[in-house]
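Undergrad: Let's see this in three dimensions:
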Amino acid sequence: MANQKFYIKGYKLDPDKIRQTFSKKPDLPEATSDIYWYQPIIDYIPETAYRYVGCGLEPDGHYNLVLVLDDGNDEAALKQTNVDLPESLPKQVLQVLTTGVWESVDGPI
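TA: Below you'll find the predicted structure:
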C-alpha cells in the first residue's frame, strides 16, 4: 500500500512578512534573518491558539513552520473549510502569519 499524504491546515510563519515587519539582526545573513524571530513569535502566541506546531512543505520544496489548527488526509476537504481565527490568537501576530493547507513533513501527530 502506498504512503498516504498527510496535510496540515493553519497559520504559517511567513518569512517574507517577518522580514518586512522586523528589523534584520546585523550579525545574521539576509536569507535566514527571519528565523531569528520564529521563537519570540511562537512564545508570544498562547498554546491555546493552535493544536500543535508542524512542518509544512511549500510547492517549491521549502519547509515552513505551521501553527496547526486542523489536519488530515483529505487536502480538498481541508481547503474547503475556513480557517477560524482562534480567540486566544493575538491580533498583532496576523501581520506575520499566512493561512493555508500544506503537505505535512512530519506526518500524523
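Undergrad: Please name the residues that touch the closest residue to Pro46 other than its chain neighbours.
TA: Spatially, and ignoring its direct neighbours in sequence, Pro46 is nearest to Ser88 (4.7 Å; C-beta to C-beta, 6 or more residues apart in numbering). In short, each C-beta sits where N, CA and C put it, glycine included. Applying C-beta atoms under 8 Å, 6 or more residues apart in numbering, we find Ser88 in contact with 46, 48-49.
Undergrad: For Lys17, see how far away Ser88 is.
TA: As judged by C-beta to C-beta, to the nearest Å, Ser88 and Lys17 stand 21 Å apart.
Undergrad: after the lowest-mean-pLDDT helix or strand in the chain, next one along is what?
TA: None of the helices or strands of the chain scores lower by mean pLDDT, DSSP states H and E than helix 15-21, at a mean of 87. Per DSSP states H and E, the first helix or strand lying C-terminal to helix 15-21 is helix 38-44.
Undergrad: Buried ones in that next one, by neighbour count?
TA: Across helix 38-44, burial judged by 16 or more other C-beta atoms under 10 Å covers Ile41.
Undergrad: what about it, average pLDDT?
TA: Per-region confidence: helix 38-44 scores 89 on mean pLDDT.
Undergrad: repeat for stretch 89-99
TA: Stretch 89-99 carries an average pLDDT of 91.
Undergrad: ok, now stretch 23-31?
TA: Mean pLDDT, stretch 23-31: 65.
Undergrad: other SSEs contacting the lengthiest strand in the chain?
TA: Counting by DSSP state E, the longest strand found in the chain is strand 63-72. Counting contacts by 3 or more C-beta pairs under 8 Å, 6 or more residues apart in numbering; DSSP states H and E, strand 63-72 is packed against strand 7-13, helix 38-44, strand 52-57, helix 75-80, strand 97-104.
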